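A.B. asks: My questions concern the predicted model and sequence given below.
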Amino acid sequence: MPRNSAQHTRNVRSGTPMAEQTPEEGRLAFRRLTVDLRNPELVVEVGAVADTVVPGAAGDLAARVYRPEGEGPFPTVIFFHGGGFVIGDLDTHDNLARTLCRRTTSVVVSVAYRLAPEFPFPHGADDCVAATRWIQAHREEYGGDARLGVAGDSAGGNLAAVVTQQVPGLSAQLLIYPATDGENGDHESREENGSGYFLDLPTMEWFLHHYGPQDPQDPRLAPLQARSLEGLPPAVVVTAEFDPLRDEGEAYAAALEEAGVPVVLRRYDGMIHGFMDMSAYSTAALTATQDAIDLFAGILNR
């Protein structure tokens, strides 16, 4: 999925670059791309879906529970959607959550944490930590067994990584092209892939600007800056060849491995950032998505 596919996606998304839109415009544009253009025939079937709420850091958060077919008990996976902490919602990532549910045979709880700029850093991270702790304490109401994983894509991958650093007792983590280093580091992929692909540097700067003032060394923003990663749950880290976040995701995988955490790192050549939302347009993206989730299922179901 090289440059020409990325440009097609940008044209479908909006005639105006994300970095020149308001947050409200960006959210609507992302929903047009991910929800309005969805082919109902390609929606992944699961056993049952129900909207609910879970406690966040300062009140209830909307959530959606996906149950697999068959009789439990099942593992539970808490999912945090991507969108740069500014855009995205339960609907934009509905099919990815469904795919997680079906291919891992897990109950997936997709959590709608609060978004910036209305709720800047660290509100979103605090929500994800609070929701995870609550679901962990009430897991019998979800999957019902001891296995509890977290997963997320892009900003959601960042939040999943943050959660594993703050909530002990998790079984597995799936970090899909995660943002792990804020504005830190000299990651070559930011320059190599910083323009012409679905996610570009101006959009990354737009996201961080709206996320609000932060200490760049705060591991709730940049999990790669954590003092120690020892004792974290086994991880699958997914990166894409043509993604500005590629190198920091791979650096986080290396840091986990150095800390003694079992890690499977999988870079998908030819893919761009967001490829898991593009399975309807690309058989290669579909194959990569299924492969990555199957890797996660392998460590979750041990």
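C.D. replies: That came through fine. Numbers count the residues shown, from 1 in each chain.
A.B. asks: Give me the number of neighbouring residues for Pro262.
C.D. replies: The burial count assigned to Pro262 is 14, neighbours taken as other CB atoms under 10 Å. C-betas here are computed from N, CA, C, even on glycine.
A.B. asks: OK, contacts around the residue nearest to it when sequence neighbours are not counted?
C.D. replies: For Pro262, ignoring the flanking residues on the chain, the nearest one in space by CB to CB, 6 or more residues apart in numbering is Pro234 at 4.1 Å. Residues counted as contacts of Pro234 (CB atoms under 8 Å, 6 or more residues apart in numbering) are 171-173, 261-263, 299.
A.B. asks: Just the helices from the stretch 1-150 of the chain, written as ranges.
C.D. replies: With DSSP state H, counting those that start in this stretch as the definition, the stretch 1-150 of the chain shows helices at residue ranges 3-13, 23-31, 94-104, 123-137.
A.B. asks: Looking at the ones you listed, spot the one closest to Arg114.
C.D. replies: helix 123-137 (4.9 Å; CB to CB).
A.B. asks: Can you list the buried residues in the closest one?
C.D. replies: Within helix 123-137, the residues that count as buried by 16 or more other CB atoms under 10 Å are 123-132, 134-136.
A.B. asks: and what of stretch 223-233?
C.D. replies: 223-226, 229, 232-233.
A.B. asks: Near Arg302, how many other residues are there?
C.D. replies: Applying other CB under 10 Å, we find 10 residues neighbouring Arg302.
A.B. asks: re the thing from before, can you tell me which of the contacts of Pro234 are buried?
C.D. replies: With burial judged by 16+ other CB under 10 Å, the buried subset of the contacts of Pro234 is 171-173, 261, 263, 299.
A.B. asks: Among those, which pair sits farthest apart?
C.D. replies: When the buried ones among the contacts of Pro234 are compared pair by pair using CB to CB, the farthest-apart members prove to be Ser171 and Val263, with a separation of 14.6 Å.
A.B. asks: What ranges does the stretch 101-250 of the chain have for its strands?
C.D. replies: Per DSSP state E, counting those that start in this stretch, the stretch 101-250 of the chain has strands spanning 107-111, 144-153, 172-176, 235-242. These are given in chain order.
A.B. asks: Need these in a markdown table (columns: distance to Leu295).
C.D. replies: Output for the strands of the stretch 101-250 of the chain, formatted as a markdown table (distance: least, CB to CB, whole Å):
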| stretch | distance to Leu295 |
| --- | --- |
| strand 107-111 | 16 |
| strand 144-153 | 12 |
| strand 172-176 | 8 |
| strand 235-242 | 5 |
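A.B. asks: Turn the ones you listed into CSV, including distance to Ala254 and mean pLDDT.
C.D. replies: Below are the strands of the stretch 101-250 of the chain laid out as CSV (distance: least, CB to CB, whole Å; pLDDT from 0 to 100):
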stretch, distance to Ala254, mean pLDDT
strand 107-111, 28, 98
strand 144-153, 19, 97
strand 172-176, 13, 98
strand 235-242, 9, 98
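A.B. asks: Which one of these lies nearest to Ala161?
C.D. replies: strand 172-176 (5.7 Å).
A.B. asks: what's the closest non-adjacent residue to Leu286?
C.D. replies: Ranked by CB to CB, 6+ apart and with sequence neighbours excluded, the top spatial neighbour of Leu286 is Ser279, at 3.9 Å.
A.B. asks: can you give me how far the helix or strand hosting Ile299 is from the chain middle?
C.D. replies: With elements taken from DSSP states H and E, the one containing Ile299 is helix 283-300. Taking the mean of its C-alpha atoms, helix 283-300 sits 14 Å from the chain's own mean (CA atoms, centre = their mean, to the nearest Å).
A.B. asks: now swap in stretch 47-57 and tell me
C.D. replies: The gap between where stretch 47-57 is centred and where its chain is centred comes out at 17 Å by CA atoms, centre = their mean.
A.B. asks: pretty sure Pro17 contacts Leu201?
C.D. replies: No - judged on CB atoms under 8 Å, Pro17 makes no contact with Leu201 at a distance of 11.3 Å.
A.B. asks: Columns distance to Phe80 on top of the buried residues of helix 123-137, output as JSON lines?
C.D. replies: As requested, the buried residues of helix 123-137 are arranged in JSON lines below (distance: CB to CB, whole Å):
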{"residue": "His123", "distance to Phe80": "13"}
{"residue": "Gly124", "distance to Phe80": "9"}
{"residue": "Ala125", "distance to Phe80": "10"}
{"residue": "Asp126", "distance to Phe80": "13"}
{"residue": "Asp127", "distance to Phe80": "9"}
{"residue": "Cys128", "distance to Phe80": "6"}
{"residue": "Val129", "distance to Phe80": "11"}
{"residue": "Ala130", "distance to Phe80": "12"}
{"residue": "Ala131", "distance to Phe80": "9"}
{"residue": "Thr132", "distance to Phe80": "9"}
{"residue": "Trp134", "distance to Phe80": "14"}
{"residue": "Ile135", "distance to Phe80": "12"}
{"residue": "Gln136", "distance to Phe80": "15"}
